[in-house]
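In: For reference, the sequence and a predicted model appear below.
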Amino acid sequence: MAPWSGLPLALVIVLGGYVLYGCVKMIRARRAFYYSKVKPGLPMPKWSPIFGHLLAMKSAFDKYKLPQDITRANIFTAMAQEFSESDLWYMDLWPFFNPLLLVNSLSYATQTCSHENNLGKPPDLEPFMRAIAGGDSVFTTNGEEWKHGRDVFTSGFNTNYILGQTGHIVQEAEEYVEVLRKLAKSGEMVCIDQVNVKYTMDIGGILTLNQRFNTQAEDANRFVSAIRHTINWDYLGELRTPLVRWTPLIRLIHWYNGRIMKNYISRALDARYIEWKAGNVDPQTTRTAIDLALADYINRHKDKPTETLDPKFKAWAIVQLRLLFFVAHDSTSATLSYTYLMLSKHPAVLAKLRSEHDLVFGTDLSRVPTLLKDQPHLLNKLEYTTAVIKEVLRLYPPASGFRLGRPDVHLHDDAGNSYPTDNTRIWVLHSALHVHAKYWEQPDAFLPQRWLVGPEDPLYPVKGAWRPFEFGPRNCLGQTLSMLDLRVTLAMVVRRFDFEEAYGEWDRVNGVSRERWVKGERWYQVGGGGAHPADGLPCRVVLRE
Ligand code: HEM
C-alpha cells in the first residue's frame, strides 16, 4: 500500500487546507491594512507585511519590561508615550484582533462615544462575553435589540431606586465586616481581591437575581462557582493568547459552566414568575433585574397571560441576567481592592477619610449600619470619600471604551487631520487618558483633593477627561450602584480595619522575581473580567478597635 493513501492522506489534505485557508486570510488581512492604513501614512508602530504589529507588541513587552499577565489596555498605555503627538495610532494584530485604533485624547474619546456618531459595540467582544453571558447581551448588542434591553433594566439602576437599596448592601457589608474580622484575628496573609469578589457577588446576587447567595459565609453555590470559573479560565486564554480560548478543553469548560448558569437562572425565573402570578411582588418597590425582566414580559402578555414562561423570553432573560450579575460585581470588587491599597499607601488621606466618617456618622461604629439603613441620604455627605473613589478609578480604571468604526465616521484633530475608522475597532484607553499630562496636574500622584478644588486650582480636573464609566449612549448602566457599593463599604470598613499590603512576603513565599513591576508598582492591573490587582493584592487585615 502506498504510504500516502487512506487516512494519512486525508489528514494531510485537511491540514494543508487549513494552512492554505489561514495563509489566504492572512494575506487578505495584511493587504487590506496596508492599503487602508499603512500606505496613507497613518500613525502606527513599524509594520511588517508578514507579522503586522505582532512584533511591535513583543518589542513593547521588552522595552517597557511588562509582565506577561498585564492587561492589554496597560500594554497600549505603555506604548501611548510613543504617540504623544497624534494621541492615536493604528495596530494590525491579526489573527488575534481585527484592526485597532487606539485613542488617547479627550477629543477622540468624545468623538468615539458621542450620541452624534452613535458607534456600536464591535463583534470582537463576543468571544469573552459569550462565555459569561451565553449569548447576545445588553453589553454587546446594538440597535433595537440593545435599546430594548437597556430600556427594560434602566429603572433598576436610577439614583433614587438604587439609594433605596442601601439596606441590602449594608446587610452584605455586615457579613463582610465579620469576614474581615476573622481574617484579622487569624493574622494570615490573604489575597483581598478574592474576598472582595465574593462580597460584591453577594451584593450583585441580591440586586440582580433577588437571591442571597451567602458566598462570603458558605461555599459558593454552583451558579457563583460556574461564573468565576468561566472568568478564570477565560483569563488564562487571554494571558497566553486568544487562540487558547478556542482550544477544545476551554470550550468544554465554558459549555459545562454555561449549562450550570443557564439552568440555575432558568429555575430562578420560573420560581419568581410563580411569585409574580400569585401577586406577591410589588413592582414599585422591587426592581431587581430579574423582576424588571419579568415585569416587561408580563406587561407584554397582559392580554393573554401565559401559564409558564415563553422559552424565547427565557433564553433572552437568562443571557441578560448572567451578564448583569457579572458586571454588577466584578469591576466594583477591583476598585475596592485598589482603594484599600491606596489608603494603606497614603495615611494622611486615610486619616481625612476617617474624620469625614466620624463627622457624618458619629464615632460609635456600632450605629453605622442602622444609620445607613435609616438615612441612606447621609451617603451624599461623603464628599471626601467620593473624591477618594474617583481618584482610585482615575489611576486604576477597570474597563475601557470599545466601539466599532464606520466608513462615514472619521476622527478629527484640531489641525484638520482626519483619521478613518472604517474596518477598525476603536479602543478608548482609559488607563492612558487618566494619566495624560495634557489633562492632569501631577498625573501619577494619588491626590483626592483634586476632586474638591475650584477651577482656579491647577489640580482642577479637565471636564470629560475622567471617564471610567464612559459617556454617551453606551455609558455604564450600573455606575450609581457601583459608587453606592463603594461608599457604603468604606463607611462600614475603614474605621475598623487597616490593610497592610504584603507583596514582598507573597513574592518571597511564591518565589517571584522583581521582573513583575510596572512603573514601580507591583500591583499593576491584570485581566480577569475587569482589570484586577496582580495576584489578588496580598495583604494583612488588621483590626483597629
Ligand atoms: C467600578 C465599577 C464599574 C466600572 C468602572 C464600569 C465601567 C463600565 C464601562 C467603561 C462601560 C462601557 C464600556 C464601553 O464603552 O465599551 C460599562 C458598561 C456597562 N456597565 Fe459598567 N462598570 C462598573 C460597574 C457596573 C455595575 C455595578 C453594573 C451593574 C449592573 C454595570 C453595568 C454595565 C452595563 C449593563 C454596561 C453596558 C451598557 C450598554 O452598553 O448600554 N457596571 N461599564
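Out: Looks like it arrived, so ask away.
In: Can you name the residue of this protein nearest to the ligand?
Out: residue 478 (2.0 Å; CB to the nearest ligand atom). Where C-beta positions appear, they are placed from N, C-alpha and C, glycine not excepted.
In: show me where the stretch 1-150 of the chain has strands.
Out: 88-91, 100-103 (DSSP state E, counting those that start in this stretch).
In: Give the other helices and strands that the first one contacts.
Out: Counting contacts by 3 or more CB pairs under 8 Å, 6 or more residues apart in numbering; DSSP states H and E, the secondary-structure elements packed against strand 88-91 are strand 100-103.
In: Could you check how many residues crowd around residue 32?
Out: 14 (other CB atoms under 10 Å).
In: Now the element after the helix or strand of the chain with the lowest mean pLDDT, going C-ward?
Out: The weakest-scoring helix or strand in the chain, judged by mean pLDDT, DSSP states H and E, is helix 222-240 (a mean of 76). Where DSSP states H and E defines the elements, the next helix or strand beyond helix 222-240 is helix 248-277.
In: chain center to the helix ranked longest in the chain, what's the gap?
Out: The single longest helix within the chain, with elements called by DSSP state H, is helix 311-345. The chain centroid and the centroid of helix 311-345 are separated by 7 Å, computed with CA atoms, centre = their mean, to the nearest Å.
In: and what of stretch 121-139?
Out: The mean C-alpha position of stretch 121-139 is separated from the chain mean by 13 Å, CA atoms, centre = their mean.
In: Just the buried positions in it, please.
Out: 121-122, 124, 128-139 (16 or more other CB atoms under 10 Å).
In: gap between the two ends of that stretch?
Out: 8 Å (CA to CA, to the nearest Å).
In: Same check on stretch 519-538?
Out: Stretch 519-538: ends 19 Å apart by CA to CA.
In: Of the strands of the stretch 1-150 of the chain, flag the one that's most buried.
Out: strand 100-103 (a mean of 26; mean count of other CB atoms under 10 Å).
In: Now that one: average pLDDT?
Out: Strand 100-103 shows a mean pLDDT of 98.
In: Quick check: the gap between residue 462 and residue 434.
Out: Distance, residue 462 to residue 434, by CB to CB, to the nearest Å: 11 Å.
In: shared neighbours, these two?
Out: Common neighbours of residue 462 and residue 434 are listed as residue 440 (criterion: CB atoms under 8 Å, 6 or more residues apart in numbering).
In: how about residue 508, phi and psi?
Out: phi -60, psi -50 (degrees, to the nearest 10).
In: And the pLDDT for it?
Out: pLDDT, residue 508: 93.
In: again with residue 370
Out: The predicted local confidence for residue 370 is 98.
In: Please apply the same query to the one 4 residues further on.
Out: At residue 374, the predicted lDDT confidence score is 97.
In: Quick one: end-to-end distance for stretch 49-65.
Out: End to end - CA to CA - stretch 49-65 spans 26 Å.
In: Can you list the buried residues in that stretch?
Out: Result for stretch 49-65 [16+ other CB under 10 Å]: buried residues 51-54, 56-57, 60, 64.
In: Which positions in the stretch 201-350 of the chain make contact with the ligand?
Out: 324, 327-328, 331-332, 335 (CB under 6 Å from any ligand atom).
In: a markdown table please, covering those residues and showing neighbour count and pLDDT.
Out: As requested, these are exported to a markdown table (neighbours: other CB atoms under 10 Å; pLDDT from 0 to 100):
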| residue | neighbour count | pLDDT |
| --- | --- | --- |
| 324 | 29 | 97 |
| 327 | 25 | 95 |
| 328 | 25 | 94 |
| 331 | 25 | 96 |
| 332 | 26 | 97 |
| 335 | 26 | 98 |
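In: pLDDT at residue 130, what is it?
Out: 88.
In: ok, which stretches of the stretch 351-500 of the chain are strands?
Out: Under DSSP E, counting those that start in this stretch, the stretch 351-500 of the chain gives strands at 401-404, 410-412, 418-420, 425-428, 497-501.
In: can you list contacts of the first one?
Out: Which is strand 401-404. 109, 112-113, 119-125, 425-428, 430, 467, 470, 474.
In: make it 6 Å
Out: With contacts defined as CB atoms under 6 Å, 6 or more residues apart in numbering, strand 401-404 is touched by 112-113, 119-120, 122, 426-428, 470.
In: Walk me through the domains of this structure.
Out: 1-41, 42-543 (automatic domain parsing).
In: which of the ones you listed sits most buried?
Out: domain 42-543 (a mean of 18).
In: Would you mind naming what in the protein lies close to the ligand?
Out: 138-139, 150, 324, 327-328, 331-332, 335, 398-399, 401-402, 468-470, 474, 476-478, 481-482.
In: for the residue of the chain closest to the ligand, what are its contacts?
Out: Residue 478 neighbours (CB under 6 Å, 6+ apart): 157, 328.
In: What separation is there between it and residue 138?
Out: Relative to residue 138, and taking CB to CB, residue 478 is found at 11 Å.
In: before we move on, what about residue 524?
Out: Counting by CB to CB - residue 524 and residue 138 are separated by 30 Å.
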